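Participant: whatever this is, show me its structure:
(chains A and B)
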Protein chains: 2
Amino acid sequence: MKLKKTLLLSFLVALFFACEQEPSKVTVSSPEQQNQIEFLLTATGQPAYRVLHNNEVVIDTSTLGFDFQGHPTLSGNFKIINTTTNNKDETWTMPWGEQTEVRNHYNELSVALQEQTTSARKLILHFRAYDDGIAFRYELPAQSGIDSLIVMDEHTQFQLTGDHTCWWIPGDWDIYEHLYTTSKFSEIDATTKRNHPNLGQTYIPQNAVNTPVTMRSSNGLHLSFHEANLTNYAGMTLKVDGDQLQMTSELVGSDRFGFKAKIPLPFRTPWRTIQIADQATDLIDSKLIVNLNEPNKLGDVSWFEPKKYVGIWWEMHLDKSTWDLASGRHGATTENTKRYIDFAAANNIKGVLVEGWNTGWERWIGFEDREGVFDFVTPYEDYDLEEVVRYGKEKGVEIIMHHETSAAPRTYEQQLDTAYSLMNRLGIHSVKTGYVGKIIPKGEYHHGQWMVNHYRKVLEKGAENQVAINAHEPIKATGLRRTYPNAIAREGLRGQEFNAWAQDGGNPPEHLSIVAFTRMLAGPIDFTPGVFDIGLPSKENNQINTTIAHQLALYVVIYSPIQMACDLPEHYENQPAFQFIRDVGVDWEKSVTINGEVGDYVTIARQEKGTDAWFLGSITDENPRTIEVSFDFLPKGKKYQAIVYVDSAEAHYKDNPTSLKIEQMDVDHTSTSTFDLAAGGGLAISLQPIEE
Amino acid sequence: MKLKKTLLLSFLVALFFACEQEPSKVTVSSPEQQNQIEFLLTATGQPAYRVLHNNEVVIDTSTLGFDFQGHPTLSGNFKIINTTTNNKDETWTMPWGEQTEVRNHYNELSVALQEQTTSARKLILHFRAYDDGIAFRYELPAQSGIDSLIVMDEHTQFQLTGDHTCWWIPGDWDIYEHLYTTSKFSEIDATTKRNHPNLGQTYIPQNAVNTPVTMRSSNGLHLSFHEANLTNYAGMTLKVDGDQLQMTSELVGSDRFGFKAKIPLPFRTPWRTIQIADQATDLIDSKLIVNLNEPNKLGDVSWFEPKKYVGIWWEMHLDKSTWDLASGRHGATTENTKRYIDFAAANNIKGVLVEGWNTGWERWIGFEDREGVFDFVTPYEDYDLEEVVRYGKEKGVEIIMHHETSAAPRTYEQQLDTAYSLMNRLGIHSVKTGYVGKIIPKGEYHHGQWMVNHYRKVLEKGAENQVAINAHEPIKATGLRRTYPNAIAREGLRGQEFNAWAQDGGNPPEHLSIVAFTRMLAGPIDFTPGVFDIGLPSKENNQINTTIAHQLALYVVIYSPIQMACDLPEHYENQPAFQFIRDVGVDWEKSVTINGEVGDYVTIARQEKGTDAWFLGSITDENPRTIEVSFDFLPKGKKYQAIVYVDSAEAHYKDNPTSLKIEQMDVDHTSTSTFDLAAGGGLAISLQPIEE
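Facilitator: Residues are numbered from 1 along each chain as shown, chains lettered A, B, ... in the order given. Below is the predicted model:
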């Protein structure tokens, strides 16, 4: 990896610190002065902070603190014993990502505090001011006689300054696969607002939301709250106080241990982050979350290559086949896999996922004791793993492994060495993992510290074996892909499969227009786009609530270094629109969010890495919309052939979803065009440079 | 092959023949009485005929006769010695074609004549009246003491009844690759009308036209003149007498022998044919020419399969590579061929043509002595024939052989056994032959009897070796494909390659809208459509004068059981429109000409054999045009998904030829739609049945 050699040091720490007096306020501003964090101690010596954006308060005084088991609450009587400032302007390289080079430019303020009581505990707070947001974390230094602490609660407040419009999912401890609700902050009611008939695992103990949660103030400022570098700690939900317009950290706990987290000292919590943007689009372009993580620990990861994939998966959701063998309709057969390999090889697709290949699926969902069922190395008798791997290699297609743990992580951990050794021997470099069901042992939750550590262990073991991880039912992304690039993608949202069977009729047209500004701020998404047989004729009460152009656009709108073309090969036959999926890149030199509003629409353009090709995707919600695209993102002086895939005038996600128009035009960086998107519609453009 | 068992015998011969008196007029009418042929003897006893269509004279009294070497002119003093009538209603099956079943339904009148002079020569005239036209031929029976005749001239008149609008090419004895001229009959000037700067071989000895020549009368009747079953005889041009509005047969001669043809007795000449249609579209649907040929002589020909192909050919016309090795830019290398095979295999294309694979191309065009140069079995050193055949087979792709004879047919005939044995051994079942240049020996012409017999010998040798022939610089098609189905296609018109380098700027937009109603009436055309890189950036003064939608439409408009996708694989990359070429059929159950006017536009729909898929193609000339399509050709009660490839609103063949719109819609047999075609534009629709 190459780092940009020239660091621009044009920054200024606005530090108002008078040594003579009790310090009242310490401040750090972002390099371009857009954001400012004020640290202060309250009258009772409690640490607190405020955030200003362009000199306007956007987070009002919010206090910070902890409850530890066996210790007094850590919240007041502090004084500042030291402050240090730091600045950084580095440019680092992503092995794959939305862009190749990422600038990490911030000013940092660290405030060391000590209690003015007999316990005299120390606490260090680190604040980073970026131009695209702010972040802070707690550091609990090694203290005499204490080598670990048991966190009963973290008390991090976020005091809003208005009753913002929010896009939120419930603060579920087990699953993120909820539809987003759009409501005023004061109207958030995460426990009763929605039924969850399609979720086998939910635990929503209070009125809280999961992050990223995105808000828009009455004057158009956008805020998104999340966390970065979630390591050896519990995931954070945000408890909602609608009256006070206040959110407070509520960590996911463990009923088994009766606490939230056990931490060794010294310890640094994950960063608590607030992305701040004048325009919604800036949220997407922000690299705050990855920047707050440590550099690549794995070194050369070229053993994994970003790729498109197809696989034996959607056919299960269409009830055409099953994961288990006993049904007599087993999907993962050698023959069927070869069919997918042939299709992939013929269509510029480099991966084939095979679900249901290994024994154990007869005792999966609905069984209490799911430990020791899957072993991740024993294929069903009609699946010749070695043969499909060989056949795939011959055709330039890599099998993507599948490990459904059925939320029995202890079984998976026992098998990790064996399972990954097999993959390594076969040259299989990625695995889709799954954690469907309530966690075994009982009392643990998907988003708690114990599982956070499990997911990390899988990443580390994966890296040792040159295996990249695409986790479903995962812990949320917190930018760790910077440190562990083998964290290639994950689910962690309501995916495409809900469209096949959800009793509420599937994802509404607005779904991805919200996801792009919420879940996607966390990191790559394995959404599995590309349904062409949108009407789902085999499903009486379900269809995809988008047009086919919308499905195409998702290959650009959603970032992931692995992108599934999820529909059945036979549904791509005769489809000129499939050319877009053949062509579209999966790894990017640059990304530009052109326009968009949360929950309404979004347009993103991305330049493929290693080529001069650009791709553009635009989606709209249930409203038809005219999208204006300026092609000024193209390099100057170069002409491009644009192949435009857009809804036809008659298209509508409900009753005419496959009506598509494909057109060619020549454009350059001075061109501007408008495109009419249908209700639930989309626009996808492939831009290939014209060689003169 | 299956013949329809039920012959409908609902016909009536209108025969006015009074035995007592000198016969003045014998008549035969077509089954539905649309066309009537009157045979008569003139006052001098010269045989003559008239043709009536719906009781109106469309060919007025036209005389018939011959000049034989060493014999008096055979033209007068005849009397009728016998007349016989015959009728036929058979349905025969094409192994491949525009349609599977062909109805051959006619009434026939044979008139036996004898000279009332001492020579007392006999002549039999056979007239067939079809509802789609008429035909007649001469029979020269065995006569005592004469076992052969030398034809110095055939005097077959076609007396027009008006100064029709004609679409014609010159009566060139060597090449058909002329642009069509549209003019009044009286204004035909084939010898000076056009320069032919792009033709290496032309011989236009008088003001004559080649057939098929198509005309439209002032009241909208369409006539097309041609010949059927050209066997052991010279090709016929039609000499033009603009003053008399008369055409007379002018056979292509041999300067070497000083005659037109030498014929054994008994002998039957080719049929002289006139297709007669109230609407231009009926000309295309007419099966007159094949019906006038003998049934399949070859039996099972399933060793050949209709196919699409790509090949090493267009890249020579773009000057990217050459046929010869010496240039250092040799196209036909093993590696390049494998690249085309890979592309074909990935895209539902079953053939790869390789030109320039064999030694000899260094002594080709421009050399006087071209005999003994090519041997058709010796590859250039960088082309491993066995290996590319093996590689192709592995991928389901058959190599298409190429034999350029450089118009040295004696050399080719000497090598036929060797060359075709090699092909047979390798399982190569088709060959593209070429006859570029003036015929060797000097004095022979491509369209003379000597060459007619050569072309036939090639067909017969081919059939013996399971080799199908696609002849370029051929003799014109005269329906022999019925008898020899291995006559799969031929050139015989100004093809796509002229667009790459013709000094007149290439084929005008109207070209194929004329060809469909002229040259195509003769039989399958290897036009090699499918240029996507229409601007030809490497060619300063040339481009394709059609839009890309027009190129797509040609796969349906032009019939051939082999259809090339002629552009370079790299030009099909990223092109959603290429899906149409992947999908489109090459063998048809049914064909329907929906609308069209000669030289203006034409719309044809064809049902793929063995599937329920339909494809539709429509092209227009230099005028933009709104085409109305009624989908009533679709089977009742079946819904179809139509994928429509049509010019965008901004498209124009000149400056915006690749602007294309692809749309999907559902249609059934009650649907009607209009489509806007650009100047030089087109429309291609793929119709796939929707399984309910």
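Participant: against which helices or strands is the helix or strand of chain A with the lowest mean pLDDT packed?
Facilitator: Between all helices and strands in chain A, the lowest mean by mean pLDDT, DSSP states H and E belongs to strand A:660-667, at a mean of 90. With contacts taken as 3 or more C-beta pairs under 8 Å, 6 or more residues apart in numbering or on different chains; DSSP states H and E, strand A:660-667 sits against strand A:640-647, strand B:660-667. In short, each C-beta sits where N, CA and C put it, glycine included.
Participant: just checking: what are the partner strands of it?
Facilitator: Note on strand A:660-667: by DSSP bridges, its sheet partners are strand A:640-647 (antiparallel), strand B:660-667 (antiparallel).
Participant: what about the strands in the stretch 301-450 of chain A?
Facilitator: Counting by DSSP state E, counting those that start in this stretch, the stretch 301-450 of chain A has strands at residues A:307-312, A:351-354, A:398-404, A:430-434.
Participant: would TSV of those with distance to B:Asn35, mean pLDDT and mean neighbour count be doable?
Facilitator: Listed next are the strands of the stretch 301-450 of chain A as TSV, based on distance: least, C-beta to C-beta, whole Å; pLDDT from 0 to 100; neighbours: other C-beta atoms under 10 Å in any protein chain shown:
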stretch	distance to B:Asn35	mean pLDDT	mean neighbour count
strand A:307-312	59	98	25
strand A:351-354	62	98	26
strand A:398-404	67	98	25
strand A:430-434	71	98	25
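Participant: between the ones you listed, which one is closest to chain B.
Facilitator: strand A:307-312 (14.7 Å; C-beta to the nearest C-beta).
Participant: is that closest one in proximity to chain B?
Facilitator: No - Strand A:307-312 lies out of reach of chain B by C-beta under 8 Å from any C-beta of the partner chain, never closer than 14.7 Å.
Participant: what's the domain layout of chain A?
Facilitator: A:22-291, A:304-492, A:496-561+A:571-692 (automatic domain parsing).
Participant: reformat those as JSON lines; add distance to B:Leu426.
Facilitator: Listed next are the domains of chain A as JSON lines, based on distance: least, C-beta to C-beta, whole Å:
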{"stretch": "domain A:22-291", "distance to B:Leu426": "46"}
{"stretch": "domain A:304-492", "distance to B:Leu426": "25"}
{"stretch": "domain A:496-561+A:571-692", "distance to B:Leu426": "32"}
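Participant: around chain B, pick out the residues from chain A.
Facilitator: So far as C-beta under 8 Å from any C-beta goes, chain A lies against chain B at A:345-347, A:537, A:548, A:574-580, A:582-583, A:641, A:643, A:645, A:648, A:650, A:658-665, A:686, A:688, A:691-692.
Participant: in chain A, where is pLDDT below threshold?
Facilitator: A:1-24, A:193-196, A:692 (pLDDT under 70).
Participant: which stretches in it count as helices?
Facilitator: A:280-285, A:288-291, A:314-317, A:334-345, A:385-394, A:409-426, A:449-464, A:498-501, A:511-515, A:519-522, A:548-557, A:569-572, A:578-583 (DSSP state H).
Participant: most tightly packed of those?
Facilitator: Across those, the average number of neighbours (mean count of other C-beta atoms under 10 Å in any protein chain shown) peaks for helix A:548-557, which reaches a mean of 30.
Participant: got the angle for it vs strand B:660-667?
Facilitator: Helix A:548-557 runs at 140 degrees relative to strand B:660-667, counting by axes from the mean of the first three to the mean of the last three C-alpha atoms, to 10 degrees.
Participant: ok, back up a step: of the helices and strands packed on strand A:660-667, which is nearest B:Arg103?
Facilitator: strand B:660-667 (28.3 Å; C-beta to C-beta).
Participant: and the closest one, C-alpha only, in CSV?
Facilitator: Extracted C-alpha coordinates of strand B:660-667, given in CSV (Å, rounded to 0.1, in the frame of the first residue of the first chain):
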residue,chain,number,x,y,z
LEU,B,660,-30.6,3.1,-29.5
LYS,B,661,-33.6,2.5,-27.2
ILE,B,662,-34.3,-0.9,-25.8
GLU,B,663,-37.7,-1.4,-24.2
GLN,B,664,-39.8,-4.2,-22.8
MET,B,665,-43.5,-4.6,-23.2
ASP,B,666,-46.0,-7.4,-23.1
VAL,B,667,-48.0,-8.2,-26.2
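Participant: which ones are touching the closest residue in space to A:Tyr601 that isn't next to it in sequence?
Facilitator: Distances taken as C-beta to C-beta, 6 or more residues apart in numbering or on different chains place A:Thr620 nearest to A:Tyr601, at 4.3 Å, with adjacent residues excluded. Contact analysis of A:Thr620 by C-beta atoms under 8 Å, 6 or more residues apart in numbering or on different chains lists A:509, A:513, A:550, A:600-601, A:627, A:677-682.
Participant: point me to the residue of the stretch 101-250 of chain A nearest chain B.
Facilitator: A:Glu101 (26.5 Å).
Participant: burial of that residue, as a residue count?
Facilitator: By other C-beta atoms under 10 Å in any protein chain shown, the residues close to A:Glu101 number 14.
Participant: look up which residues are beta-bridged to it.
Facilitator: Here A:Glu101, judged by DSSP bridges, has bridge partners A:Thr93.
Participant: quick check: it touching A:Pro95?
Facilitator: No - taking contacts as C-beta atoms under 8 Å, A:Glu101 lies outside contact range of A:Pro95: 11.9 Å.
Participant: intersection of neighbour lists for those two?
Facilitator: Counting by C-beta under 8 Å, 6+ apart, nothing touches both A:Glu101 and A:Pro95.
Participant: would you map the strands across the stretch 51-200 of chain A?
Facilitator: A:56-63, A:66-68, A:78-93, A:101-115, A:122-130, A:133-140, A:148-154, A:157-160, A:165-168, A:181-184.
Participant: just put those strands in JSON lines and tack on distance to B:Glu32.
Facilitator: Formatted as JSON lines, the strands of the stretch 51-200 of chain A follow (distance: least, C-beta to C-beta, whole Å):
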{"stretch": "strand A:56-63", "distance to B:Glu32": "87"}
{"stretch": "strand A:66-68", "distance to B:Glu32": "99"}
{"stretch": "strand A:78-93", "distance to B:Glu32": "79"}
{"stretch": "strand A:101-115", "distance to B:Glu32": "78"}
{"stretch": "strand A:122-130", "distance to B:Glu32": "86"}
{"stretch": "strand A:133-140", "distance to B:Glu32": "83"}
{"stretch": "strand A:148-154", "distance to B:Glu32": "94"}
{"stretch": "strand A:157-160", "distance to B:Glu32": "87"}
{"stretch": "strand A:165-168", "distance to B:Glu32": "73"}
{"stretch": "strand A:181-184", "distance to B:Glu32": "71"}
